[in-house]
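Undergrad: Model the structure of this input:
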Amino acid sequence: MKIFFLLLSLGTGIVANAQQQPDNEPLRIPYNRFVPLQGTPYTVAYKVDTTKKGIGTRHMLFLNKQDTTRVEYPDGSMLWDIHQVKIDQFHLNKVVALVNRKNNQRIHKHINIWEPPLKLYVLSSDGSTNQQLTPNVFFVNTYVVDSNKATIVCHGFFDNNANEKLDRKDTKDTLVYDLVTLKQVAGAVR
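TA: Take a look at the predicted model:
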């Protein structure tokens with residue numbers, strides 16, 4: 001009888017700990033990355049989780065003393081990397097976010113962290129505006145910010161056959177965007 005109560009008490013503890021917490025409670029998620037934004041009172045908090053299943057947070061928080069702004073990304077997204085771009089001569093203070101996002105959820109059930117279809121987003125320094133910079137058919141491998149010209153250079157590939165993987169039918173290209181106007185200034189237009 002004692003063994004039965006022991007197993008019953010252990011079983012209820014495991015069930016209680018395995019319950020899913022709702023996504024609308026952002027402060028309960030254990031964030032492991034914090035980026036203080038220079039020149040603003042904000043700090044960006046997000047969680048990087050590169051498990052085998054590719055489960056991670058799809059939102060970030062802009063924390064301030066007075067308020068908290070939450071920026072959401074669509075289902076199937078995972079935040080990959082966040083950097084601040086601050087160029088004083090162009091009066092530019094933005095946040096660049098690299099987001100792993102699938103276009104077609106029917107093709108892939110989870111995110112493959114070895115061949116990620118990365119999209120580039122540009123956000124304001126307070127999180128009020130969020131704009132996808134690269135087109136849906138272009139996947140970013142690397143990017144560099146040129147602070148002399150206020151441009152961002154993205155190297156990646158166009159997914160010509162829409163399988164969301166890099167293969168022989170895809171074309172590699174380099175796209176250049178102006179960070180002030182957020183318009184493409186060089187590279188192939190599709």
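
Undergrad: where exactly do the helices run in the protein?
TA: Using DSSP state H, the helices found in the chain span residues 2-17.

Undergrad: low-scoring stretches of it, by residue?
TA: 1-29, 49-57, 76, 101-116, 189-190 (pLDDT under 70).

Undergrad: That one: strands as residue ranges?
TA: With DSSP state E, the ranges of strands along the chain come out as 33-36, 43-46, 59-63, 68-72, 77-87, 92-101, 118-124, 130-132, 138-146, 151-158, 171-178, 183-186.

Undergrad: Any chance of these in CSV with mean neighbour count as columns?
TA: For every residue, glycine as well, the C-beta is placed using N, CA and C. Shown next, in CSV, are these (neighbours: other Cβ atoms under 10 Å):
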stretch, mean neighbour count
strand 33-36, 13
strand 43-46, 20
strand 59-63, 22
strand 68-72, 15
strand 77-87, 19
strand 92-101, 21
strand 118-124, 20
strand 130-132, 14
strand 138-146, 17
strand 151-158, 19
strand 171-178, 16
strand 183-186, 12
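
Undergrad: With distance to E164 added, can I get these in TSV?
TA: Formatted as TSV, the strands of the chain follow (distance: least, Cβ to Cβ, whole Å):
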stretch	distance to E164
strand 33-36	25
strand 43-46	23
strand 59-63	22
strand 68-72	21
strand 77-87	13
strand 92-101	10
strand 118-124	11
strand 130-132	16
strand 138-146	8
strand 151-158	11
strand 171-178	15
strand 183-186	22
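
Undergrad: Quick check: bridge partners of A45?
TA: Using DSSP bridges, the bridge partners assigned to A45 are F34, L61.

Undergrad: To clarify, my last question referred to V71.
TA: M60.

Undergrad: What residues does it make contact with?
TA: Applying Cβ atoms under 8 Å, 6 or more residues apart in numbering to V71 gives the contacts 59-62, 123, 127, 130.

Undergrad: same thing with D126?
TA: D126 neighbours (Cβ under 8 Å, 6+ apart): 40, 42, 62, 64, 69.

Undergrad: can you rerun that using 6 Å?
TA: Y42 (Cβ atoms under 6 Å, 6 or more residues apart in numbering).

Undergrad: how far away is it from I82?
TA: 14 Å (Cβ to Cβ, to the nearest Å).

Undergrad: can you check F139 too?
TA: Taking Cβ to Cβ, one finds F139 at 18 Å from I82.

Undergrad: From what I see, L79 and V44 are in contact.
TA: No. Checked against Cβ atoms under 6 Å, the pair L79 and V44 is beyond contact range at 9.8 Å.

Undergrad: how far does stretch 147-163 stretch from start to finish?
TA: End-to-end distance for stretch 147-163: 35 Å, by Cα to Cα, to the nearest Å.

Undergrad: Name the surrounding residues that touch that stretch.
TA: Against stretch 147-163 from outside (Cβ under 6 Å, 6+ apart): 87, 90, 92, 120, 137-145, 166, 169-172, 174-180.
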